[in-house]
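Participant: sequence plus predicted model, see below.
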Amino acid sequence: MDAAEISREAPQQAPGENTERVAPLVRTLSRGIYFWRDEARGPRRLRGLMAHQHVQRMFDTIAGTYDLQNRFLAARVDNHWRNMFVRYLRLNPGAVLGDLAVGTAEITIKACRRYPEIRVVGVDFSEGMLRMARRKIRARGLSPRVELRTGDLRELPIADESFDAVTISFGIRNIKERGKVLRECFRVMKPGGRLQIMEPSFPNAPILKGLYRYYFDHVMPLFGNWISGTDYAYSYLAETVYVFPSDEEFLREISAAGFARTSLVALTFGMAKIYRGWKPKGRP
């Protein structure tokens, strides 16, 4: 059989022709297989955080399911963490709280409930997250006490010495320029004001730490990506915990921004940590 006969019996397909024919089925099956296969290989450690605009786009994408994902993936333990976080604020009547990286306003809502005479200004760079936050604020009748603004934490649209306290929960680890953010927190805070930042972390106990690392490497990315409908968001968010500085290093960064009396509170065996600092009185 010569080459001409082979060509007549088995005509070549154009590149991608068969792929187009089965694309809908392949995409449906391969998406589910991808999540398991890719995460089963193990984590791919981050070399650095994503660019600002990419992180913004990611949060816009996952905003609609963000609360559901957190409750499912954290088994509602995150609700306890937020309650403790707000309790440690100890705000006085009439205080103004700056809730930065406000997200879907979980901390804002809890703060308003615990301290009925405070006001809150929430700032976030994600319009998708702010849309969700506004719906929740209106539904709970908190609109007269809460103002939500679009803004970059590295250059806050806030006047100097506006807040009695500033909070960032599960947000600062996604920002490369932490020093800029911390200096902006210092600028917008009144002398004597309190800074509180909460981020997930790893337990100190070796057995718990190993189990939690496995969860971050395999379980959280697998189900988080599936629920969010992305193939990267929760893989990325899990990895940002690894690249966040140690407790000692981050407390030094807070001190370098001008804050005094820095301290750390560990929650649930260290699965989450609250970092605190105060702006000295009489300091410009």
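Facilitator: In hand now; what should we look at?

Participant: the protein: helices as residue ranges?
Facilitator: Along the chain, the stretches classed as helices by DSSP state H are 3-9, 17-40, 52-62, 66-73, 77-87, 106-114, 127-139, 178-188, 206-214, 220-228, 233-243, 247-256.

Participant: show me what the last one is packed against.
Facilitator: Taking 3 or more C-beta pairs under 8 Å, 6 or more residues apart in numbering; DSSP states H and E as the contact definition, the neighbouring helices and strands of helix 247-256 are helix 178-188, strand 260-267, strand 272-278. Yep, even glycine has a C-beta here, placed from its N, CA and C like the rest.

Participant: for the closest residue to G94 other than its chain neighbours, give me the pLDDT.
Facilitator: Distance criterion C-beta to C-beta, 6 or more residues apart in numbering; nearest residue to G94, sequence neighbours excluded, is E117 at 6.0 Å. On pLDDT, E117 comes in at 96.

Participant: surely E117 meets A111?
Facilitator: No - at 11.3 Å, E117 does not count as touching A111 under the criterion of C-beta atoms under 8 Å.

Participant: now stretch 129-149: average pLDDT?
Facilitator: 97.

Participant: can you tell me what sits against it?
Facilitator: 59-60, 63-64, 66-67, 102-105, 108-109, 112, 118-124, 150, 157 (C-beta atoms under 8 Å, 6 or more residues apart in numbering).

Participant: same check, this time on stretch 262-281
Facilitator: Counting by C-beta under 8 Å, 6+ apart, 77-78, 80-81, 84-85, 88, 186, 189-205, 208, 212, 247, 250-251, 254-255, 257-261 sit against stretch 262-281.

Participant: what do you get for stretch 195-208?
Facilitator: Under C-beta under 8 Å, 6+ apart, the answer for stretch 195-208 is 81-82, 85, 88-89, 165-170, 172-173, 182, 185-186, 189, 209, 212-213, 216, 241, 244, 247, 254, 259, 266, 268-279.

Participant: give me the buried subset of those residues.
Facilitator: Taking 16 or more other C-beta atoms under 10 Å as the criterion, what is buried in the contacts of stretch 195-208 is 81-82, 85, 89, 165-170, 172-173, 182, 185-186, 189, 209, 212-213, 216, 241, 244, 254, 259, 268, 270-279.

Participant: quick check: which ranges of the chain have low pLDDT?
Facilitator: 1-48, 283-284 (pLDDT under 70).

Participant: go again with 80.
Facilitator: 1-48, 72-76, 282-284 (pLDDT under 80).

Participant: one step back: among the helices and strands packed on helix 247-256, which is nearest V96?
Facilitator: helix 178-188 (10.1 Å; C-beta to C-beta).

Participant: report the buried residues of that closest one.
Facilitator: Taking 16+ other C-beta under 10 Å as the criterion, helix 178-188 shows 178, 180-182, 184-188 as buried.

Participant: tabulate those (CSV), appending distance to Y232.
Facilitator: Formatted as CSV, the buried residues of helix 178-188 follow (distance: C-beta to C-beta, whole Å):
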residue, distance to Y232
R178, 22
K180, 26
V181, 24
L182, 28
E184, 28
C185, 29
F186, 33
R187, 34
V188, 33
